[in-house]
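S.K.: sequence and predicted structure below; questions after.
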Amino acid sequence: MKFIDEARIEVIAGDGGNGVASFCREKFRPFGGPDGGDGGKGGSIWAVADRNINTLVDYRYSKLHKARDGENGRGADCYGKGADDIELRMPVGTLIMDRNDGEVIADLTEHGQKVLLAKGGEGGWGNIHFKSSTNRAPRQKSDGKEGERRELQLELKVLADIGLLGMPNAGKSTFITAVSNARPKIADYPFTTLHPNLGVVRVSHEKSFVIADIPGLIEGAAEGAGLGIQFLRHLQRTRLLLHIIDMAPFDSGVDPVKEAKAIVKELKKYDETLFDKPRWLVLNKMDVVPEDERKKRVKDFVKRFAWKGPVFEISALTHEGCKDLVVEIYNYLEQQRHLENRADDTPKMEDDARGIESIDPDDPRFKVLE
């Protein structure tokens, strides 16, 4: 299936049914009074996160979603039937925004999460609600309210723990194939990856994490060049970025340091928050580098790139160094989860909120026990 990560749709909730002005006209009830029922509620439209869906392709071709109107009220105290709601199932990771003002309506991050997109109109009142001691034969009624109407922008941001970053042909697809169950297309030409690929990395039977490979970036991507800029949003939810470097490019005139700096530059142009994410340097294709040159080439690269973070030497093709890298990644993720859980469990109380005043030891009202 083609990967679709963006769509525009319009949602229209149903209008409420109208109330009715009616009077009881039975043979032996000459003063039966008003019996006009209320109109039914219009159908609402909801978004539901579904982990079994991985693209927005359905919404690329089905742009208009309209709920039914509520039924009008009837006589004999009969209320109109409310319309059924509509549920639009979307992939986990979908960001829903209002196209007119850019407001973020929902961020679907958990399976089963349900969010109201457009509320159905309330039904109008029948004349039974307008009866009073001074108005025994009311002819008033009210019409149902209109349902909400919205134009929405849908953007899918894949949910992954690790994101791969790098130039085209840096070996990202080979790496994700080596360490996970993903099987992306691999070839010896640039831009082989045309859409994000997700893979589950198994460290052991009960230990795993998710890794995302996106199309490669090139210089000028922030201005629209290449393919990667379309998919950088998928890296925004990750906890850690792996910057994959081709240490043995086919073209001898290509400078890996220059390419690495270009990637970092485009990352910063696109999003400062993404640029500030934790990032590890992964030097790939080390199997092609002669053993007696490896140490010197790595040291030279790190120095010229002015890198002070973690550095890993691997060969995605031969799997050399991949297992050690996977273990380090898992340990890092576990450490981050532990820190987050500790932060969530820390009680956040202020003295003022509990009515506790600061105590002056010299205050005669208090006695210090020794």
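M.R.: Ah, there it is.
S.K.: just the helices in the stretch 151-300 of the chain please.
M.R.: Here the stretch 151-300 of the chain has its helices, by DSSP state H, counting those that start in this stretch, at 172-179, 256-270, 272-275, 291-305.
S.K.: and those, which one's lowest on average pLDDT?
M.R.: When the helices of the stretch 151-300 of the chain are compared by mean pLDDT, helix 272-275 comes last with a mean of 81.
S.K.: export the helices of the stretch 151-300 of the chain to TSV and tack on mean neighbour count?
M.R.: To be clear about C-beta, it is placed using only N, CA and C from the backbone, and glycine gets the same treatment. As requested, the helices of the stretch 151-300 of the chain are exported to TSV (neighbours: other CB atoms under 10 Å):
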stretch	mean neighbour count
helix 172-179	24
helix 256-270	18
helix 272-275	12
helix 291-305	13
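S.K.: and the ones you listed: which comes nearest Leu95?
M.R.: Smallest distance to Leu95 across those (CB to CB): 14.7 Å, for helix 272-275.
S.K.: contacting residues around the closest one?
M.R.: For helix 272-275, the surrounding residues in contact (CB atoms under 8 Å, 6 or more residues apart in numbering) are Leu232, Leu235, Gln236, Val264, Leu267, Lys268.
S.K.: let's see it at 6 Å
M.R.: Identification of contacts with helix 272-275 by CB atoms under 6 Å, 6 or more residues apart in numbering yields Leu235, Gln236, Leu267, Lys268.
S.K.: stretch 22-40 too?
M.R.: Residues from elsewhere that reach stretch 22-40, judged by CB under 6 Å, 6+ apart: 16-21, 70-82, 123-128, 131, 138, 144.
S.K.: only the buried subset of those, as a ChimeraX command please.
M.R.: A single ChimeraX command selects the buried members of the contacts of stretch 22-40 (16 or more other CB atoms under 10 Å):
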select :16,17,18,19,20,21,70,71,72,73,74,75,78,79,80,82,123,124,125,126,127,128,138,144
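S.K.: just the ones of the contacts of stretch 22-40 in strands?
M.R.: Taking DSSP state E, every one of the contacts of stretch 22-40 sits outside strands.
S.K.: and Val326, which of the helices of the stretch 151-300 of the chain is closest to it?
M.R.: With CB to CB as the criterion, Val326 lies closest to helix 172-179 of the helices of the stretch 151-300 of the chain, at 5.4 Å.
S.K.: chain center to stretch 247-258, what's the gap?
M.R.: 36 Å (CA atoms, centre = their mean, to the nearest Å).
S.K.: using PDB, write out the CA atom coordinates for that stretch.
M.R.: Extracted in PDB, the C-alpha atoms of stretch 247-258 (Å, rounded to 0.1, in the frame of the first residue of the first chain):
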ATOM      1  CA  MET A 247      32.400   6.400   5.900                       C
ATOM      2  CA  ALA A 248      33.200   4.800   2.500                       C
ATOM      3  CA  PRO A 249      31.300   6.700  -0.200                       C
ATOM      4  CA  PHE A 250      31.500   5.400  -3.800                       C
ATOM      5  CA  ASP A 251      32.500   8.800  -5.100                       C
ATOM      6  CA  SER A 252      36.000   9.600  -3.700                       C
ATOM      7  CA  GLY A 253      35.200  13.300  -4.100                       C
ATOM      8  CA  VAL A 254      32.400  13.200  -1.500                       C
ATOM      9  CA  ASP A 255      33.500  14.500   2.000                       C
ATOM     10  CA  PRO A 256      31.500  12.700   4.800                       C
ATOM     11  CA  VAL A 257      32.200  15.600   7.200                       C
ATOM     12  CA  LYS A 258      30.700  18.100   4.800                       C
END
